[in-house]
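**Q** sequence first, predicted coordinates after that:
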Amino acid sequence: MVDQVERSRDESEEDEIRAIERARLHALVEVDMETAGRLHADDFQLISPGGRKYSKEEYLSGVASGEIDYRVWEPVSEIAVRLHGQVAHIRYRSQIENVFRGEKIAGLHWHTDTYEKNNGQWQVVWSQATRST
């Protein structure tokens with residue numbers, strides 16, 4: 001019975017993390033910087049498909065300025081979640097269309113992200129995207 005309760009609680013938390021990731025993607029596409037700022041930890045780092053490292057400030061200011069202009073960012077696979085206490089790892093494949101510094105980029109990407117629960121709020125701390133075929 002205890003295992004079933006724990007499994008149910010974990011599944012609920014996994015669903016919450018999936019919903020937060022979808023909200024983060026929506027915020028980046030819609031340039032909702034208030035929501036995006038809240039969902040990215042202060043020490044957030046992104047490794048882009050091109051291998052560049054971005055801090056939270058660099059990444060979100062790029063989105064806010066339009067330098068990074070997401071037109072579409074939608075998961076095309078299940079968002080897999082591995083939950084370990086206050087840390088969660090997610091992995092999924094997505095369709096992205098964006099304009100980066102005036103160059104249109106479109107295609108499928110794999111994403112691996114790490115979330116941490118800070119003061120009761122899940123926030124993404126690491127994100128890595130890889131182009132997919």
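**A** Great, that's in hand.

**Q** now the helices for the protein?
**A** 2-30, 33-39, 56-65 (DSSP state H).

**Q** pLDDT averaged over the first one, what's the number?
**A** The average pLDDT within helix 2-30 is 86.

**Q** scan the chain for its longest strand.
**A** strand 103-118 (DSSP state E).

**Q** can you tell me the strand partners of it and which way each runs?
**A** strand 87-100 (antiparallel), strand 121-131 (antiparallel) (DSSP bridges).

**Q** let's have those in JSON lines, adding mean neighbour count, mean pLDDT and distance to Asp42.
**A** Yep, even glycine has a C-beta here, placed from its N, CA and C like the rest. Formatted as JSON lines, these follow (neighbours: other CB atoms under 10 Å; pLDDT from 0 to 100; distance: least, CB to CB, whole Å):
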{"stretch": "strand 87-100", "mean neighbour count": "17", "mean pLDDT": "96", "distance to Asp42": "16"}
{"stretch": "strand 121-131", "mean neighbour count": "17", "mean pLDDT": "97", "distance to Asp42": "9"}
